[in-house]
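Here's my sequence, what's the structure:
(8 chains)
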Number of protein chains: 8
Amino acid sequence: MAKVGLILGSDSDLEIMSSGIQMLEQLDIEYEVTVASAHRTPDRVAEYADSAADRGIAVIIAAAGWAAALPGAVAAHTNLPVIGVPISSSPIGGLDALYSMVQMPPGVPVATVGIDTVKNAAILAAQILALSDSDLAQRLQQYRHQMRQSVEDKAERVQQATKEH
Amino acid sequence: MAKVGLILGSDSDLEIMSSGIQMLEQLDIEYEVTVASAHRTPDRVAEYADSAADRGIAVIIAAAGWAAALPGAVAAHTNLPVIGVPISSSPIGGLDALYSMVQMPPGVPVATVGIDTVKNAAILAAQILALSDSDLAQRLQQYRHQMRQSVEDKAERVQQATKEH
Amino acid sequence: MAKVGLILGSDSDLEIMSSGIQMLEQLDIEYEVTVASAHRTPDRVAEYADSAADRGIAVIIAAAGWAAALPGAVAAHTNLPVIGVPISSSPIGGLDALYSMVQMPPGVPVATVGIDTVKNAAILAAQILALSDSDLAQRLQQYRHQMRQSVEDKAERVQQATKEH
Amino acid sequence: MAKVGLILGSDSDLEIMSSGIQMLEQLDIEYEVTVASAHRTPDRVAEYADSAADRGIAVIIAAAGWAAALPGAVAAHTNLPVIGVPISSSPIGGLDALYSMVQMPPGVPVATVGIDTVKNAAILAAQILALSDSDLAQRLQQYRHQMRQSVEDKAERVQQATKEH
Amino acid sequence: MAKVGLILGSDSDLEIMSSGIQMLEQLDIEYEVTVASAHRTPDRVAEYADSAADRGIAVIIAAAGWAAALPGAVAAHTNLPVIGVPISSSPIGGLDALYSMVQMPPGVPVATVGIDTVKNAAILAAQILALSDSDLAQRLQQYRHQMRQSVEDKAERVQQATKEH
Amino acid sequence: MAKVGLILGSDSDLEIMSSGIQMLEQLDIEYEVTVASAHRTPDRVAEYADSAADRGIAVIIAAAGWAAALPGAVAAHTNLPVIGVPISSSPIGGLDALYSMVQMPPGVPVATVGIDTVKNAAILAAQILALSDSDLAQRLQQYRHQMRQSVEDKAERVQQATKEH
Amino acid sequence: MAKVGLILGSDSDLEIMSSGIQMLEQLDIEYEVTVASAHRTPDRVAEYADSAADRGIAVIIAAAGWAAALPGAVAAHTNLPVIGVPISSSPIGGLDALYSMVQMPPGVPVATVGIDTVKNAAILAAQILALSDSDLAQRLQQYRHQMRQSVEDKAERVQQATKEH
Amino acid sequence: MAKVGLILGSDSDLEIMSSGIQMLEQLDIEYEVTVASAHRTPDRVAEYADSAADRGIAVIIAAAGWAAALPGAVAAHTNLPVIGVPISSSPIGGLDALYSMVQMPPGVPVATVGIDTVKNAAILAAQILALSDSDLAQRLQQYRHQMRQSVEDKAERVQQATKEH
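Predicted coordinates:
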């Protein structure tokens, strides 16, 4: 049974979504992926959001570019937490998508992460799920430990590479 | 029978809407006004847009601030022309609302006018309706003539006031 | 007899205009294309706009980059609806063109669409023309149906591609 | 036992925090509030975040202005979900705080909501907690119902006020 | 015979124009002031610009806010140097007016000065006229000398006020 | 004897300067080019500006990127008109250079043209010089005529290429 | 003997400077204050910077608004560390001053602090001086201790005020 | 014994750091380089900053992109001067990193230099160290002399290359 629902505004965003999917798999979190557009298929988005909880979805990640109404449109139809990922596909570097997601009016929040950072959306979803899944909480701790180790390894290499001054 | 449907994201936008309503009345265009929120009442927005044409609406003006999904949500449910008015109610001067409206993805346009310029939305609606209403076309010509005259009167006054240098 | 007049600020914008032209052809809308510059050929722009209605033009699409005065200059000379397409040809991603078009002062609106989205300008023009052309209205409905179908097909493919997790 | 921890970068942000506190109380969610600065009291922030889970905190809301490092500094010390609220206290309307929160590098997300929208932070926290608290889930549904009702009441009033045209 | 023509997009800009007018009078430069709108009275702008040289105008100062096409529209009709002053009357601080003026396409320049700095427009006009008017050149030198003196007086006062530390 | 002095903040800007130099040659205007940096060679800039008038320079064009103090530093040392060209060499598209030039404080203007538009700087210089050089004024008229002709030729080609719809 | 030189672009910036002066006095650092303008009194700025080291100045704080060339102009004339404070006196919130200071080209840095944060400029100056003044280093430690204490006191008060939920 | 500590948020920033390292070597300043992340390894950053003074570090240069909390996190743990270098690695050209560094709240400054200008960070560090190292002060004077000479050589070449007009 899927836990995280990923929804893309366009299949051209699938490649950028891959780092998030990889993260979910690394953390052993079930997920499903689909495509829906707030503007081209509004009913599909509404149905998706309305039925998400019943299909076992606990957290929704919605990624979109331009006037990125997708996460807000999902959030308008469910009380599940919705994570928004602004995509930098427009000529103004994704600022349009960022503002369209993060500046939600009172009552209906979208948990927005950085431009193109689907990996962080996956980790945020995991943090939310881990509140009632102690095994996942441990895998998150491990991941963080690996991140720390990786930074320390890089530090070591950089210190070696630059110490002969 | 109403011709122009005005839809506000929040009743706090009603005051700013008044210059547009005044313009519609000056041009003798029938209209109706309502409030609906793309995020708080998405079904209401969908129903409004789905039924608009049948109720005799030809052009829809949607005004909203912040992550202003309203005009796009309306446009997703109708092929009537939708005019979006970004409102400057957020701390970043309405740039969020502007980007959320104007940067619509391919397939579903919103005809965006300037920040807070509901009067221009009304005139644009009139221009669209005037394509098949020659009386309205004439009233628009008159209005433009008055504008021109008003500028010339101001020019006269300014020239008088500054000519004694 | 042409229905939509496309006017480019520079012939270097012709390529970006092609997706709009294609859309007009797909919707079987008559059009004409020309080049005129608000700054280099202001009289040509004025004549174009002054005579547009008489030549059977109902909607004008004007695309330009930088300090993109073209749509406003056209709108100053006609009461036909004018659609502006900001082009991202400057070093600041088209924000200059967007602000130069959308922020029109009271009295003379420009219906602005997203940066480089000439296709949306064409659809908006079609929506306006369809108000008095029920055949076109049907073709627009069909186009919207195709868009919806296309998103659903993509969703199907993405779901297939990602379900083996 | 507190469920939501609110942490302010400065006590001058307390007033803006009040709408969020009110929302938490309306939804009957336990909370605690404190002040800590990522730059003036980094150890306090680290201790707060390190011990939050053990004190029963499930979700942290961190609000700050300017170079708003607070939510990121909290998130660096815990795997609990951290919600960031950018505050518009600087001369550039809170864009500095927004970018400082939302643009987190890979590995450590902050769930950012709109500038000054602490109420939305509270609702997002509630949505997260409601995943394992069906009573809260119902209260959230009720709140959403009230919001919808409130918009419909406003719509009614606006329609009455404007129908005499 | 007037030497500098000041042209305002709106008579609401007259107050902000006054510091420029004062500067022209201080430098004993003849001027005329009028109001014309690139969008509401395009023909008036064209006639103004076409006839300016014949009326003895050597330099034109055009001030406008929002999508400030005025200086560009003037420059399109004359080879006299045109100085543009962006006015900060819109909700985005005059950035729209600045971009609409300064980002002129190749072939038709506008000499843009800072937002609301009509005084600087007047001085720039004086510098241009002074190239063939040695008396004016001397008055400009005097003005600069006074500016320098004024800064030195302020420095003196500030040093006095702060030296008792 | 040189009439226009071009001054570059860096020799890496020379290539971008070439379109301006070409324009000056096309208009048969004498010029000189040099390199000086407001920050690396402030005395050189001061000497350049102090002596410019005596060397026969009437107008100075200063191009620079980043915190582009060059035109302002030149203007601080001369009452000759100074034209500033912001160069887009920084990671933020030249907005830094634009603001550093155009937003000059009261008393010392810089005539700023569009980002990277050195050609327009050359034409503006020509317009200034043409006030006391009727031959140059005629060459400018010719150039404008050619521009107009070139747009009309392009219009012709585009109309041909698109009329077979 | 003065250690820190404060230089203001305009005496209207003196009020905003006061929090920095207070900080210097609290840390018992000698200072002098003067006014000089990079554009109105360039020679004064050059002389100030050229002679600063000989007058015992070790660090210079330069505050200015708009196209804020002052810190860069000072830095061009001395190898003393120069701290720049952008002032938010323009209609665009001090972004012009920020970019004009921080984006210095290679070779001549300006140590830029936040918009209007003269207090931070004073602390940065103190940190630099403290490298060779262990008493000052201790006073800085004390100040930091007080800041920490102040945050903790505020936390205490806020926790008291909000614990009755 | 190292004098300057360089700290990178990510080893992907090492390449951009190289121009700064080169500058430190040219000025014969001892340095050490390491990698630490404010968000992935906050304790490592705290330890680094806490122990820096004892290891002989006098000035710290911290470079990071995105929500670049690194320099602020270092500054929160030491009273040594901290120089921040925003890196342009995000889709919005480094504006996020710039705002995250420069807009530090009162009490804890970061000396911010231009986007990607690590070389300037190195020179600023040298200027600070030179206050108590007259040999280094001389090397800085020499470097400045070379810069000036280099500009003059370029000027010579450019004047030669363009004088045949």
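
domains of chain A?
A:4-132, A:134-165 (automatic domain parsing).

So which of these is the most surrounded?
Ranked by mean neighbour count under mean count of other CB atoms under 10 Å in any protein chain shown, the domains of chain A are led by domain A:4-132, which reaches a mean of 24. Heads up, the C-betas are built off the backbone N, CA and C, glycines and all.

that older thread, and chain G, which of the domains of chain A is closest to it?
Proximity to chain G (CB to the nearest CB) singles out domain A:4-132 among the domains of chain A, at 14.7 Å.

can you tell if that closest one touches chain D?
Yes. Contact of domain A:4-132 with chain D (CB under 8 Å from any CB of the partner chain) involves A:58-59, A:79-81, A:83, A:98, A:102-115, A:117, A:119-121, A:123-124, A:127-132.

ok, back up a step: if you average pLDDT over each of the domains of chain A, which is lowest?
Comparing mean pLDDT across the domains of chain A, the weakest is domain A:134-165, with a mean of 92.

Does it reach chain H?
Yes. Part of domain A:134-165 sits near chain H under the criterion CB under 8 Å from any CB, namely A:144, A:147-148, A:150-152, A:154-155, A:157-159, A:161-163, A:165.

Surely residue A:109 touches residue D:118?
No. Assessed by CB atoms under 8 Å, residue A:109 is found out of contact with residue D:118, at 10.4 Å.

Next up, identify which helix or strand the residue nearest to the spatial centre of chain A is on.
In chain A, the centroid-proximal residue (CA atoms, centre = their mean) is residue A:121; its distance is 2.6 Å. Following DSSP states H and E, one finds residue A:121 within helix A:118-130.

which other helices and strands contact that helix?
Judged by 3 or more CB pairs under 8 Å, 6 or more residues apart in numbering or on different chains; DSSP states H and E, helix A:118-130 is in contact with strand A:4-8, helix A:14-26, strand A:59-65, strand A:82-87, helix A:134-162.

can we see that at 7 Å?
Contact analysis of helix A:118-130 by 3 or more CB pairs under 7 Å, 6 or more residues apart in numbering or on different chains; DSSP states H and E lists helix A:14-26, strand A:59-65, strand A:82-87, helix A:134-162 as its packing neighbours.

Show me the one of the ones you listed that comes nearest residue C:38.
Among the helices and strands packed on helix A:118-130, the nearest to residue C:38 by CB to CB is strand A:59-65 (30.4 Å).

what angle sits between the closest one and helix A:118-130?
Here strand A:59-65 points in a direction 160 degrees away from that of helix A:118-130 (axes from the mean of the first three to the mean of the last three CA atoms, to 10 degrees).

Now the element after strand A:59-65, going C-ward?
Following strand A:59-65 toward the C-terminus (DSSP H and E): helix A:70-75.

Can you dump the C-alpha atoms of that next one in CSV for me?
Extracted in CSV, the C-alpha atoms of helix A:70-75 (Å, rounded to 0.1, in the frame of the first residue of the first chain):
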residue,chain,number,x,y,z
LEU,A,70,-0.8,22.0,-8.6
PRO,A,71,0.1,21.6,-4.9
GLY,A,72,-2.5,24.2,-3.8
ALA,A,73,-5.2,22.6,-5.9
VAL,A,74,-4.4,19.3,-4.2
ALA,A,75,-4.3,20.9,-0.8
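
Next one: it, is it in contact with chain B?
Yes. Counting by CB under 7 Å from any CB of the partner chain, chain B is contacted by helix A:70-75 at A:72-73, A:75.

Need the residues that contact that helix.
A:7, A:9, A:38, A:42, A:45, A:49, A:60, A:62, A:64, A:82, A:84, A:101, A:104, A:108-110, B:39, B:42, B:67, B:69, B:73 (CB atoms under 7 Å, 6 or more residues apart in numbering or on different chains).

and if we set it to 6 Å?
A:9, A:38, A:45, A:49, A:60, A:62, A:64, A:82, A:84, A:101, A:104, A:108, A:110, B:39, B:67, B:69 (CB atoms under 6 Å, 6 or more residues apart in numbering or on different chains).

Now flag whichever of these is closest to residue B:21.
The closest of the contacts of helix A:70-75, once distances to residue B:21 are taken by CB to CB, is residue B:69, at 22.9 Å.

Next, the contact list for that closest one, please.
Residues near residue B:69 by CB under 6 Å, 6+ apart: A:69, A:72, B:38.

try residue A:49
Counting by CB under 6 Å, 6+ apart, residue A:49 makes contact with A:74, A:77-78.
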